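A.B. asks: predicted structure and sequence below. I'll ask about it afterward.
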Amino acid sequence: MKKKVCRTCKIFVEGELCPVCKKAAFSESWQGQVTIMDPTNSQIAKQMGFVVEGDYCIKVKR
């Protein structure tokens, strides 16, 4: 089974709601993956707008 990502936040989701934005809009078509461990000190997290630690995709294909 493919992993699903939130179309808004780009975080990988296992449940029925996104833990970040609380929406249920998901995609199974994505590219790249990055793990954010410390979003407050990560330059990548700041540039990409990630505020919660976790696994994110780089690009969501709609």
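C.D. replies: That came in fine, so what should we check first?
A.B. asks: give me phi/psi at the residue nearest to the spatial centre of the chain?
C.D. replies: Nearest to the mean C-alpha position of the chain, counting by CA atoms, centre = their mean, stands Ile11 at 1.6 Å. As for Ile11, its main-chain torsions (degrees, to the nearest 10) stand at phi -90, psi 150.
A.B. asks: pretty sure it contacts Lys23?
C.D. replies: No - counting by CB atoms under 8 Å, Ile11 stays clear of Lys23, with 11.0 Å between them. The C-beta positions use only the backbone N, C-alpha and C, and glycine is treated the same way.
A.B. asks: doesn't Lys46 lie inside a helix?
C.D. replies: Yes - counting by DSSP: H, G, I helix; E, B strand; the rest coil, Lys46 is part of a helix.
A.B. asks: so what's the residue count around it?
C.D. replies: For Lys46, the tally of surrounding residues (other CB atoms under 10 Å) stands at 12.
A.B. asks: which residues touch it?
C.D. replies: Applying CB atoms under 8 Å, 6 or more residues apart in numbering, we find Lys46 in contact with Pro39.
A.B. asks: from here on, count from 58
C.D. replies: Sure, I'll start numbering at 58, so the last one becomes Lys103.
A.B. asks: what score does it have for pLDDT?
C.D. replies: According to the prediction, Lys103 has pLDDT 95.
A.B. asks: what does the one 10 residues further on give?
C.D. replies: Model confidence at Tyr113, given as pLDDT, is 97.
A.B. asks: Provide the secondary structure category for it.
C.D. replies: For Tyr113, the reduced secondary structure class is strand; criterion used: three-state DSSP.
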